[in-house]
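[1] The sequence and its predicted three-dimensional model are supplied below.
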Amino acid sequence: MLLESTKPDAVILNETKLDKDNSILTSEVAPSDYWGYTTYRLDRNSDRSGVMLLVKDDYLPRSALDKELG
């Protein structure tokens, strides 16, 4: 898998189109405990896209990442 072989510091995914009702768990898309990443995601309504950010556990994310992006 590309993520395992390249080990980037951060990965940004857009157009995730994951539902807000969490019918798809984060662990199903990005099992961060296995890869060593903290995962942040912002799901949108079904008619809009969403984003997901994976940050390597070696880094301490700033509090801005914890706020919902509006």
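    Everything's here; your move.
[2] Just read off the phi/psi values of the closest residue in space to K7 that isn't next to it in sequence.
    Spatial nearest neighbour of K7, excluding adjacent residues (C-beta to C-beta, 6 or more residues apart in numbering): K56 at 7.7 Å. Glycine gets a C-beta too; all of them are placed from N, C-alpha and C. K56 adopts backbone torsions of phi -60, psi 140, taken as degrees, to the nearest 10.
[3] And K7, by the same measure?
    Torsion angles, degrees, to the nearest 10, at K7: phi 50, psi 60.
[4] worst-scoring helix or strand of the protein, pLDDT-wise?
    Lowest on mean pLDDT, DSSP states H and E among the helices and strands of the chain sits helix 32-35, with a mean of 66.
[5] Tell me the first helix or strand C-terminal of the one helix or strand V11 maps to.
    V11 belongs to strand 10-14 when assigned by DSSP states H and E. Downstream of strand 10-14, the first helix or strand assigned by DSSP H and E is helix 26-29.
[6] Please tell me I have it right and the residue nearest to K7 contacts Y37.
    Yes. K56 lies in contact with Y37 (C-beta atoms under 8 Å); the separation is 5.8 Å.
[7] Next one: K7 relative to W35, how far apart?
    9 Å (C-beta to C-beta, to the nearest Å).
[8] Of those two, which one has the most company?
    W35 (16 against 11; other C-beta atoms under 10 Å).
[9] Next, count neighbours for T6.
    8.
[10] in the protein, what spans have low per-residue confidence?
    Across the chain, residues meeting the criterion (pLDDT under 70) sit at 1, 20, 22, 31-34, 46-47, 60-70.
[11] Tell me the bridge partners for V55.
    A10, T38 (DSSP bridges).
[12] can I assume it is in contact with P8?
    No. Between V55 and P8 there is no contact under C-beta under 8 Å: 9.9 Å.
[13] Now Y40: closest residue in space that isn't a chain neighbour?
    Y40 sits nearest to L53 (C-beta to C-beta, 6+ apart), 4.5 Å away.
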